[in-house]
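*Asks:* Model the following, please.
(one chain, ligands or ions: 3)
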Amino acid sequence: MEPRDIDGDLTEILIEEAQIHQRLAEMSRQIEKDYADKDVLLVGVLKGAVMVMADLARELTMPINMDWMAVSSYGSGTASSGVVRILKDLDTDLSGRHVLIVEDIIDSGLTLSWLLANLKSRGPASVEICALLRKPDAARVEIDVKYVGFDIPNQFVVGYGLDYAEKYRNLRSVGILAPHVYS
Ligand SMILES: O=P(O)(O)OC[C@H]1O[C@H](OP(=O)(O)OP(=O)(O)O)[C@H](O)[C@@H]1O
Ligand code: HPA
Ligand SMILES: [Mg+2]
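*Replies:* Residues are numbered from 1 along each chain as shown. Ligands and ions are numbered 1, 2, ... in the order given. Now for the predicted structure:
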């Protein structure tokens with residue numbers, strides 16, 4: 001049987017695994033400084049942020065708490081539906097907590113602007129955002145993001161947690177999905 005090679009579905013590798021880890025290390029040093037005297041709660045946004053959360057959390061040398069929320073707005077397409085649904089809520093009470101949302105990507109910004117407002121309404125001491133990727137040319141809302149890994153072109157990317165129809169999350173690098181896969 002032919003090997004089923006998912007790399008063949010990419011037109012280009014955008015960010016190699018080593019670059020991701022190097023950047024996450026730099027971001028972690030900044031987070032350690034900024035939260036030197038604070039207990040931080042990392043809130044990972046399922047499912048895309050699983051890889052970022054796992055690697056960022058292990059790179060951080062300070063004590064942290066972790067919790068997860070599942071929201072979905074893309075379903076099995078390549079464009080945001082604009083409607084954010086909570087599929088799983090946090091287990092943690094946010095009152096008085098320093099929350100750092102961990103995301104894989106900010107595309108239109110609709111998911112995070114909704115999530116930010118939702119979490120801020122729960123009485124936390126602070127809420128900031130850490131996102132590995134951001135598409136500046138796709139922004140439909142302005143969001144104040146404290147930690148960003150890479151600004152990328154406005155193309156649909158997969159890998160390192162990011163999916164197309166639930167596939168490609170296990171690629172170690174981030175690449176541009178070939179249009180023939182989804183058109
Ligand atoms: O800035 P936006 O245009 O709102 O897009 C970003 C969001 O879309 C993706 O989630 P998705 O809905 O695909 O869920 P998933 O993480 O389970 O794949 C991604 O993980 C972000 O949460
Ligand atoms: O470019 C993307 N790829 C995968 N999932 C996404 N969710 C928002 N943008 C993207
Ligand atoms: Mg998705």
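*Asks:* residues in contact with the residue lying closest to Ala25 once chain neighbours are set aside?
*Replies:* Once flanking residues are discounted, Ala25 sits nearest to Glu59: 5.5 Å by CB to CB, 6 or more residues apart in numbering. Placement of C-beta: from N, CA and C, glycine included. By CB atoms under 8 Å, 6 or more residues apart in numbering, the contact list for Glu59 reads 21, 24-25, 28.
*Asks:* you'd agree Leu56 is in a helix?
*Replies:* Yes: secondary structure of Leu56 (DSSP: H, G, I helix; E, B strand; the rest coil): part of a helix.
*Asks:* Check whether it really touches Leu42, as I assumed.
*Replies:* Yes: with contacts counted by CB atoms under 8 Å, Leu56 reaches Leu42, the gap being 7.5 Å.
*Asks:* Compare those two (neighbour count), which wins?
*Replies:* Shown here are Leu56 and Leu42; by other CB atoms under 10 Å, Leu56 has more neighbours (24 against 21).
*Asks:* Please list all residues in contact with the more buried one.
*Replies:* 24, 27-28, 42, 102, 130.
*Asks:* One more: His21?
*Replies:* 55, 59.
*Asks:* And for the one 3 residues further on?
*Replies:* Listed by CB under 8 Å, 6+ apart, the contact set of Leu24 reads 52, 55-56, 59, 132, 149.
*Asks:* a markdown table please, covering those residues and showing distance to ligand 1 and pLDDT.
*Replies:* Below are the contacts of Leu24 laid out as a markdown table (distance: CB to the nearest ligand atom, whole Å; pLDDT from 0 to 100):
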| residue | distance to ligand 1 | pLDDT |
| --- | --- | --- |
| Val52 | 10 | 98 |
| Asp55 | 15 | 98 |
| Leu56 | 15 | 98 |
| Glu59 | 20 | 98 |
| Leu132 | 10 | 98 |
| Gly149 | 14 | 98 |
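*Asks:* Thank you, goodbye.
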